[in-house]
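Trainee: What follows is a predicted protein model with its sequence.
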Amino acid sequence: MGALEFSSRSQAADRGECKMTEAEVLRMHVDLFNGALKSRAWDQLAAIYSDDYMLVRPDGSVLSKEEVLKDLRVGGLEFKNIEIADTKVRIHGDTAILTAVSRTVTSRQAEATTSHFRLVAVYAAEQGRPRLVHFQSVLLPN
């Protein structure tokens, strides 16, 4: 092992970072992230989002962590169902990129909406666990 490689590993360990696995990223996204959205577990969701989390919606609008949480809490957006398919996870060091196709049923002020989209979710190892740093989606035809 070279000195640079050892130094990088030591620095990562000092920062409390972890090596992510495909299974861990899938569990984080499907069980914890989607689960928190469906159960409206805002504190759990806040812990999953990185402090500099960014959401890019299909219309191109961008929301920060605080803006997303406010929209969920105050704006009344509810996730009734979330299905994902065609899931792929690529790990690059302390970063994981998850791509998938999703179908969701959401409700805002009792008006249900069904969406079909391709998503990219980027997780980075922070504080010893994967945290969601970026989520972007593009609508697909129903």
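Mentor: Everything's here; your move.
Trainee: residue boundaries of the helices in this protein?
Mentor: Ranges of helices within the chain are 3-14, 22-26, 34-39, 42-48, 65-73, based on DSSP state H.
Trainee: Go through the second one and flag the buried ones.
Mentor: The one in question is helix 22-26. Neighbour-count burial for helix 22-26, counted by 16 or more other C-beta atoms under 10 Å, picks out Glu24, Val25, Leu26. All C-beta atoms are positioned from the backbone trio N, CA, C, and that covers glycine.
Trainee: again with the third one
Mentor: Of the residues in helix 34-39, Asn34, Gly35, Ala36, Leu37 count as buried by neighbour count, 16+ other C-beta under 10 Å.
Trainee: CA atoms of it as CSV?
Mentor: Only the C-alpha atoms of helix 34-39 are listed here, as CSV (Å, rounded to 0.1, in the frame of the first residue of the first chain):
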residue,chain,number,x,y,z
ASN,A,34,-38.8,5.9,0.9
GLY,A,35,-40.1,4.6,4.3
ALA,A,36,-39.6,8.0,5.9
LEU,A,37,-41.4,9.7,3.1
LYS,A,38,-44.4,7.3,3.3
SER,A,39,-44.7,7.4,7.1
